[in-house]
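Chemist: Sequence and predicted model, in that order:
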Amino acid sequence: MPRLNLATLGSVPPWARSTLDPRDLAVGIVHLGIGGFHRAHQAVFTEDAMLASGQTRWAISAVTQRGPRVRDELAPQDGLYTVTTRSRSGAGYRVVPVVREVIDGPSQVETALDRIADPAVSVVTLTVTEKAYRLDPAQGRLDTTDPDVRADAAGAPPQTVVGRLVAGLRRRQAAGAGALAVVCCDNLPDNGRLLRRAVFAFCALLPGGDGLAAWIAEHVTFPSSMVDRIVPATTEAERAEVEAALGVRDEAAVVAEPFGQWVIEDDFRSPRPAWERAGALVVPDVRPYELTKLRTLNACHSLLAYAGVLAGIGTIAEAVAVPELQAAARRLAQCEVRPTLPVTEGLDHHRYVETVLDRFANPALQHTTQQVAADGSLKVGPRLLGTAADGLELSTTPAVATLAIAAWLRCVLVAKADDGSPLAVSDPAADSMRTAARNATGAGAVRPALAAAGVSGALLDEGRFTGLVESWYTQLAAAGVRATAREAAAG
Ligand SMILES: NC(=O)c1ccc[n+]([C@@H]2O[C@H](COP(=O)([O-])OP(=O)(O)OC[C@H]3O[C@@H](n4cnc5c(N)ncnc54)[C@H](O)[C@@H]3O)[C@@H](O)[C@H]2O)c1
Ligand SMILES: O=P(O)(O)OC[C@@H](O)[C@@H](O)[C@H](O)[C@H](O)CO
């Protein structure tokens, strides 16, 4: 089967081809972290913005972060790849033409830095996962004791995301290439401010970093953004489907749900694509949207993932079809999260929750509970702990939020499903959590493991919080996931 690329694009059915000719596009964006999500979200919004505005200067130079795999998939395809949109009524395919260059970050550092310093580029976007920011879990700030961060600051070819970004900004300053916007698109609260703080903390480690920091303060903005589209890891069967539908082999194919949302803080000093013409919302303050999504969609996702993993359920769609788990997710969102959220103009939270649960139930998406459950120690803070803390403050009982935290702890500490089969939930804090809890028995593991994961002392000292987590932790072992979820859903 021929590979998808510029030479074979003409053989792809016209209904799957863009009206943009990839050869006519010029690079204006550098993207750090070319995973599946970027390809199905920001790249698609950018293509649509170019189509709507007629501007062809916003093609993407994408940088891999950890190794050449995605570069080696996309380079032989001249950056072309397919987005399959899967819903209950079937699948749609589009070949996206806007990624015009793929750079392997680790081995092509100089090329990546040159791109950030290119005057034609005025936007850098990022999707590198929560752990790539190297934050101290307790403070949520750049961990300046991290050996890789220190090596980057000492002048090694930069390997961390913040190290690479700052090196690129330094080169841009030297080149006099002007203003730039750095748009974080990871699922982190206040993601623009968080990244800006990390960049300044990194500059403080550099000899002569003050001058660079002053230049960044004047020339670089860090708009926060809320991103939403469910994009599971692509399976081989899905790649085979693309092959059957389009008649070409696509190693970089991605699959997504029909829904897509992007809310971007209006904080740009440099030109940007007309993303609003592609349906993005450009607003003065993203925080209410972000908080609503993290505490509602992402929290319910995490609950279903941890509970699903423990119950031996493979996908989110299967988990949300279990009545006890669906009831628990609905209670979490409708009763525990809603009172903690600010009122967002134009947002009907009740409807939002039902839409989210319906999106999860899309049986055409193979979003595995294992994938969503990964890296819980970096996710429970923004998704669940805030809801639990705010609920206790409001004198309500965060029953399901604490159940989700207990289920996460069991995934990491016990590492066995209800049926005794081994679990493989990956978490960067797993070793330290297990070490901290090694001498504890039963629910005695809860406090040391939470402390090792960086949960704040104030919440750990709140007896109602730890009491609830300990009690669910015990009950999950004694009664199983479904019965425990039924009880939590009852409040
Ligand atoms: N997939 C989704 O449904 C979705 C939806 C909304 C937001 N997001 C955000 O996008 C992120 C990426 O999701 P994805 O589906 O593209 O994942 P992916 O696994 O396809 O890609 C992850 C990218 O992050 C990089 N990365 C991973 N760990 C890293 C590390 N320790 N240091 C540096 N780089 C690292 C990888 O190299 C890769 O480029 C998520 O973590 C989330 O914050 C994803
Ligand atoms: O991508 P992560 O690992 O931050 O979280 C897993 C999912 O909850 C997440 O990707 C959702 O699918 C997404 O946030 C929907 O927009």
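Modeler: Thanks, I have it. Please read these numbers as outputs of a predicted model, since none were measured by experiment. Ligands and ions are numbered 1, 2, ... in the order given.

Chemist: When you work out contacts or count neighbours from here on, use the C-alpha atoms and nothing else.
Modeler: Fine.

Chemist: what pLDDT, on average, does the helix or strand harbouring H31 get?
Modeler: For H31, the enclosing helix or strand under DSSP states H and E is strand 27-32. Average pLDDT, strand 27-32: 98.

Chemist: Need the residues that contact the helix or strand that comes right after it.
Modeler: Heading C-terminal from strand 27-32, the first helix or strand you meet, by DSSP H and E, is helix 36-40. Helix 36-40 is touched from outside by 83, 127, 229, 231-234, 254-256, with contacts defined as CA atoms under 8 Å, 6 or more residues apart in numbering.

Chemist: which of those tops the neighbour count?
Modeler: Greatest neighbour count in the contacts of helix 36-40, by other CA atoms under 10 Å, goes to V255: 29 neighbours.

Chemist: now that residue, what's its secondary structure?
Modeler: Under DSSP: H, G, I helix; E, B strand; the rest coil, V255 falls in the strand class.

Chemist: nearest residue to it other than its sequence neighbours?
Modeler: T84 (4.6 Å; CA to CA, 6 or more residues apart in numbering).

Chemist: Name whatever forms a beta bridge with the one you found.
Modeler: Taking DSSP bridges as the rule, T84 bridges to Y93, V255.

Chemist: Okay, it and R464: tell me how far apart.
Modeler: Shown here: T84 relative to R464, a distance of 46 Å by CA to CA, to the nearest Å.

Chemist: The two: who's more crowded?
Modeler: Looking at T84 and R464 with other CA under 10 Å, you find the greater number of neighbours at T84, namely 25 against 16.

Chemist: The more buried one: what's it in contact with?
Modeler: T84 makes contact with 91-94, 242, 253-256, according to CA under 8 Å, 6+ apart.

Chemist: Out of the residues you listed, which comes closest to N191?
Modeler: If you rank the contacts of T84 by distance to N191 using CA to CA, A256 comes first, at 23.0 Å.

Chemist: The closest one - nearest residue in space that isn't next to it in sequence?
Modeler: Nearest residue to A256, sequence neighbours excluded (CA to CA, 6+ apart): V231, at 4.6 Å.

Chemist: Read off the pLDDT value for the one you found.
Modeler: Predicted confidence (pLDDT) for V231: 98.

Chemist: Equivalent analysis for Y81, please.
Modeler: At Y81, pLDDT is 98.

Chemist: now D418
Modeler: pLDDT recorded at D418 is 69.

Chemist: Ok, R3 next?
Modeler: Looking at R3, its pLDDT reads 98.

Chemist: ok, the residue nearest to A256 - contacts?
Modeler: Contact analysis of V231 by CA under 8 Å, 6+ apart lists 36-37, 40, 254-257, 367.

Chemist: ok, which of the residues you listed also contact ligand 1?
Modeler: The overlap between those and the neighbours of ligand 1 (CA under 6 Å from any ligand atom) comes to 36-37.

Chemist: can you put the contacts of V231 in JSON lines and add distance to W15 and pLDDT?
Modeler: Below are these laid out as JSON lines (distance: CA to CA, whole Å; pLDDT from 0 to 100):
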{"residue": "G36", "distance to W15": "22", "pLDDT": "98"}
{"residue": "F37", "distance to W15": "23", "pLDDT": "98"}
{"residue": "A40", "distance to W15": "18", "pLDDT": "98"}
{"residue": "V254", "distance to W15": "18", "pLDDT": "98"}
{"residue": "V255", "distance to W15": "17", "pLDDT": "98"}
{"residue": "A256", "distance to W15": "18", "pLDDT": "98"}
{"residue": "E257", "distance to W15": "19", "pLDDT": "98"}
{"residue": "H367", "distance to W15": "27", "pLDDT": "96"}
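
Chemist: Pick out the most distant pair among the contacts of V231.
Modeler: A40 and H367 (14.6 Å).

Chemist: Could you give the number of residues near the nearest residue to T396 once chain neighbours are set aside?
Modeler: Residue nearest to T396 in three dimensions, not counting chain neighbours: E336, with 7.8 Å by CA to CA, 6+ apart. Counted with other CA under 10 Å, the neighbours of E336 add up to 25.

Chemist: go on, D419?
Modeler: By the criterion of other CA under 10 Å, D419 has 10 neighbours.

Chemist: Which secondary structure element is home to it?
Modeler: Using DSSP H and E, D419 is not contained in any helix or strand.

Chemist: In contact with it, which residues?
Modeler: Contact analysis of D419 by CA under 8 Å, 6+ apart lists 311-312.

Chemist: what separates it from V343, distance-wise?
Modeler: To V343, D419 is 43 Å away according to CA to CA.

Chemist: do the same with P189
Modeler: The spacing between P189 and V343, counted by CA to CA, is 17 Å.

Chemist: Give the residue from those two that has the larger number of neighbours.
Modeler: The residue with more neighbours, out of P189 and V343, is P189; 20 against 14, by other CA under 10 Å.

Chemist: these two touch, right, that one and L291?
Modeler: Yes - P189 lies in contact with L291 (CA atoms under 8 Å); the separation is 6.8 Å.

Chemist: before we move on, back to that, any idea how far the strand holding H31 is from the chain center?
Modeler: 18 Å (CA atoms, centre = their mean, to the nearest Å).

Chemist: what's next to that strand, contact-wise?
Modeler: Identification of contacts with strand 27-32 by CA under 8 Å, 6+ apart yields 57-65, 100, 115-116, 120-128, 161.

Chemist: Which of those residues fall within helices?
Modeler: Among the contacts of strand 27-32, the members falling in helices (DSSP state H) are 115-116, 161.

Chemist: of all the residues you listed, which comes closest to ligand 2?
Modeler: Ligand 2 has its nearest neighbour among those in V161, at 16.4 Å by CA to the nearest ligand atom.
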